[in-house]
Structures are given as C-alpha cells and as structure tokens.
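> mind folding the following:
(4 chains)
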Number of protein chains: 2
Amino acid sequence: MNRERVLEAAVTLADEIGIDALSMRRLAQELGVVPMALYKHVADKEDLLDGMVEDIVREIDPPALDTGWQDAIRRRVLSARSALQRHRWARQAIESRIKPTPAVLEYQDSFAGIFLAGGFTPDLAHHVMHALGGRMWGFTQELFDGSANPKADAQPLASPDAQAELFAHMAALYPNIVTIARATPHDNDSVVGRGCDDQFEFEFALDLLLDGFEQLHRRGWTSAR
Amino acid sequence: MNRERVLEAAVTLADEIGIDALSMRRLAQELGVVPMALYKHVADKEDLLDGMVEDIVREIDPPALDTGWQDAIRRRVLSARSALQRHRWARQAIESRIKPTPAVLEYQDSFAGIFLAGGFTPDLAHHVMHALGGRMWGFTQELFDGSANPKADAQPLASPDAQAELFAHMAALYPNIVTIARATPHDNDSVVGRGCDDQFEFEFALDLLLDGFEQLHRRGWTSAR
DNA sequence: GGAATGAAGTGTACGACGTACGCCTCTTCG
DNA sequence: CGAAGAGGCGTACGTCGTACACTTCATTCC
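Numbers count the residues shown, from 1 in each chain, chains lettered A, B, ... in the order given. Model (predicted):
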C-alpha cells in the first residue's frame, strides 16, 4: 500500500458514498486496514483531500495547441467540467481547499499560458481569470442543486391536489420565479425543481464571458491603475 | 430565550470564531445554557445554519426602484456583497445549504422581478440569473482566499534569501503565473499571495456580464429550443 | 551472520462532536 | 388547586480525527 493506492481508493469511495460520508475510518475499512495505518501515507485528512483534488485535476485534458485562445479555453473548461461531473463531490472538495497544490498551480499556469499566448496582456489575463472564477473549474455556483448530495432524493411526490395548492402558494409568494419557471420546459414535475439544462446554462455564461474577453482584448483594454 | 436570540448569537459567534468552529456546544456555552436547550428553538444544526443564512439574506438592501434594471441589479449585488463581507463565513454557509428557505426565495424572486420589469423575457431572465450564479450573492468562487479561514495567518515570512529562492522556483515551474503576478501591483510580499483587489475583480466580472446581458436583451436574444 | 535501522501496520485512548431520550421546573389557565 | 405544556437540564450513545506507543519485518552495514 502506498499514497497512490490510498488516494485512488478514497476517490472511488467518495464517488460511491459522497464526500461527507468519507471518513478515515471508513476508508481504512475499505482498504482492509486499521484507521491509523492511513497516517503513514497521508499527513491528515486535509492532506488526503488535497491529494484527491490533485488526482481529479490531473484528469483534465491538457490544453489544445492547434487552435485560437478562445477555443482552447473553451475546450479546457469543458474538459474540467466533465471531470467534475464524473466526481460529484469534487466541487465541494475543491472549494474547501485552502492552499494551492502543485497540480492545481500547474493547471492555473497552463490556463494563464493560453491567454498570454493568445496575445493578452498579463494585466488583462489576470482579470479575465478572476472573472472566470469557478467556471475555470467547470462549475458554476449552483445553489441548491441536490445532485451533489445523495440524500436529496426525490420525495414521495404529493398528490395532484396538494401539488396544485403548492403551486398557487408559490405563485402568490414568488410570482416572478413562477413566471420564469413557466417559461422553461418543465420536464420535471416540481415548480422549484430543476427543469434546467445545466450544461446549457454553463455554456451560456461561459460564452458570454469569452465573448466579453474577446472584445476587451481587441480594444486593447487595460486596467487604469 | 427564543429562536431569534439563538440565531443572533450564532451569527455573532460565527463572526468571531468562524463557521467551522461553531458547534452546538460552543453556542450553548455562549448563551449560558446547556447544549440540549438549543434544540427547543432549532430542529438541528442544519436548521440553525438555514436560519443564520436567512438572517444574512435579510440584511441585503431591497432593490432600488428609481433606476434601470442594470443599475438596480448592480446595486443589489454589491449590497449582497457587502453583507457577505461583514460575515465571512456566510459564503461557505450559503454554499452548503441544500433547500431554499423563504428569505432566499424572496431574494431570488425580487431579483427576477428586476429583470422582468426591465423588459427581459422570462427565458432570458432565467439564463442570465444562472449566468450570474454565485455573483448574485456577492461572491465569486475565489480559490484559496485564506480570508475566509482564520487559521490562514500570515506565516513567519521567510528570509530574503529563501524568498528569492522560492521566487526562482516558482518562476521555473509556473512561468505564466509569475508573469501575471509581476504585472499586478504587489502590495503584498509573497508571489502567490493576494496582491489582488478583490472588489475590483468582482466588479470587473459583474460589469462584463451585465454588459453582455444588455446586448442580448437589445438583440432580442432567445434560446433556440 | 547478526545487529542496527527505519518504514509500515496495529492497538488503545482521548477529546471533540451532534443529538436521542427522559426528567424537572416553572408559567398559564380552567 | 390541579392539569398541561413549554423551556431548560443531565445523561448517554455513537461517530469522528488523530496522538502516542507498540510490533513486525525487510534492508543495510559491519
């Protein structure tokens, strides 16, 4: 057993039971070993999580070299997104990290490299990377997306009557939300439920930003310091 | 003692010691009461956190009525931002919520209302709200901003020699990051440290998005469904 | 060949944590 | 006055991360 095996087991275990249910004890059990044995390969739980994030980041495709910056960024981000979708816990794990680790720095560096190679000034490259924010990692901050949390199972689905009443209630309290919800295809049954196409929303915002970047770039934008 | 007092105490305690250090036991102690007493006013810890988030959301200014949508949104978002800056733990707390609560729904509803009143179709309003994502709450997903975590104190600050060596090391491994870091004013001493003006970055991205929204709106953009 | 070394795994134990469950002590009201 | 219910208390259980001291056991060096 070595660090690699521990991290690998942790990743697949987190895939199965979620990051909150992942404990040192549970992981040790999975590896057929006593809990304290893990500490020979991992400094503490924080270090374990750091390592897990590193593993995920390394799953992201390297940047494409044969295209313009805009396409390269776009592809890279979408690759990151698909990695994060293979491991639903990863968003939360990434957000909880406090110190950058080598793989993460490397990722950010190559990201910066794409912009610089595309002719961006370091100044502009800096700001656009901030603007991308979490989107650089393939996620937006979606509030209340139960998908990340396994215990957000679909509840028993109330009777049609109760559902109609709930709807009326919502419409009275939150008319604008209901207006918007009505305008979106509701494959799902609930009013508040996610009838949204996450991928579409993600690309919508991403492209909006990328186009904005392109305009600033063309205009030779610079921060007035 | 009542729910209100409990929530209020929880909020100020979290302001002081951070959200991770906030335990039911610690909170009870602060209120001069035995831990189990809290459970008469709060269903469980999740409920406590829900309530705390509600309190914070209610601190956000109501929308301005005498301006265009763009200004109204901008002001509201910046108001949310300042609320979240008064309570550093709030971002993490918000992100950890799983079910929307009334104050949160109300906030989102009034947000939607601004777009709709500004002439946005429900379709476009829907997508732009997704695009704002966490920015609607006044934060971007800043990775590794130790500010949220009190234990990320400035470390002893290595000797100039060691610092130069670290710098050379960074430059070798992460040339692009260093290039960018060099181009930004480094009030701070560390290479990786935050020499960034968070407020500027936030508004940069916000305005980029708002301008993008405006263009889509003018062009009568609609999702091709 | 035998002792020293060090890495890998074990066992026990401690101090947190959230909270179930039952009890007590008031206030309120008929 | 007596019943009821609300608010606070005490104890206890199971879980967590991990400190610390121990046993193995393979490798290395004389």
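> got the buried residues for the helix or strand harbouring residue A:169?
According to DSSP states H and E, residue A:169 maps onto helix A:160-173. Neighbour-count burial for helix A:160-173 flags residue A:170 (criterion: 16 or more other CB atoms under 10 Å in any protein chain shown). Just so you know, the C-beta spots here come from the backbone N, C-alpha and C atoms, and that holds for glycine as well.
> avg pLDDT for the next helix or strand after it?
Moving toward the C-terminus from helix A:160-173, the next helix or strand (DSSP H and E) is helix A:175-183. Regarding helix A:175-183, the rounded mean pLDDT is 92.
> DNA strand C contacts on chain A?
With CB under 7 Å from any atom of the strand as the criterion, chain A meets DNA strand C at residues A:1-2, A:33-37, A:40-41.
> what's the ChimeraX line that selects buried ones from these?
Per 16+ other CB under 10 Å, the buried members of the residues of chain A next to DNA strand C correspond to this ChimeraX selection:
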select /A:41
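> I'd like to know which of the residues of chain A next to DNA strand C is nearest to residue B:56.
residue A:35 (37.4 Å; CB to CB).
> shaky segments in chain A?
A:143-158, A:186-195, A:225 (pLDDT under 70).
> ok, 80 please
A:141-160, A:162-163, A:185-195, A:224-225 (pLDDT under 80).
> which one's the longest helix in it?
Assignment by DSSP state H gives helix A:198-218 as the longest helix of chain A.
> what angle sits between that one and helix B:198-218?
100 degrees (axes from the mean of the first three to the mean of the last three CA atoms, to 10 degrees).
> spell out whether helix A:198-218 and chain B are in contact.
Yes. Using CB under 8 Å from any CB of the partner chain, we find that helix A:198-218 touches chain B at A:200-201, A:204-205, A:208-209, A:211-213, A:216.
> which residue is most remote from the mean position of chain A?
Within chain A, the residue lying farthest from the chain centre (CA atoms, centre = their mean) is residue A:161, at 37.4 Å.
> return the residues in contact with that residue.
When the contact criterion is CB atoms under 8 Å, 6 or more residues apart in numbering or on different chains, residue A:161 has no partners at all.
> and the gap between it and chain B?
In this view, residue A:161 and chain B are 22 Å apart by CB to the nearest CB, to the nearest Å.
> equivalent analysis for residue A:86, please.
20 Å.
> please apply the same query to residue A:219.
12 Å.
> what distance do you get for that residue to residue A:121?
Separation of residue A:219 from residue A:121 (CB to CB, to the nearest Å) stands at 12 Å.
> now do residue A:64
Using CB to CB, residue A:64 is found at 22 Å from residue A:121.
> likewise for residue A:103?
From residue A:103 to residue A:121 the distance is 27 Å (CB to CB).
> and chain A, what are its domains?
Under the assignment automatic domain parsing, the domains of chain A span A:3-42, A:61-140.
> do the first one and chain B meet at all?
Right, domain A:3-42. No. Judged by CB under 8 Å from any CB, domain A:3-42 stays clear of chain B, getting no closer than 10.0 Å.
> pull up the distance across that domain, start to finish.
Terminal residues of domain A:3-42 are spaced 7 Å apart (CA to CA, to the nearest Å).
> so is that domain next to DNA strand D?
Yes. Counting by CB under 7 Å from any atom of the strand, DNA strand D is contacted by domain A:3-42 at A:21-26, A:35-36, A:39.
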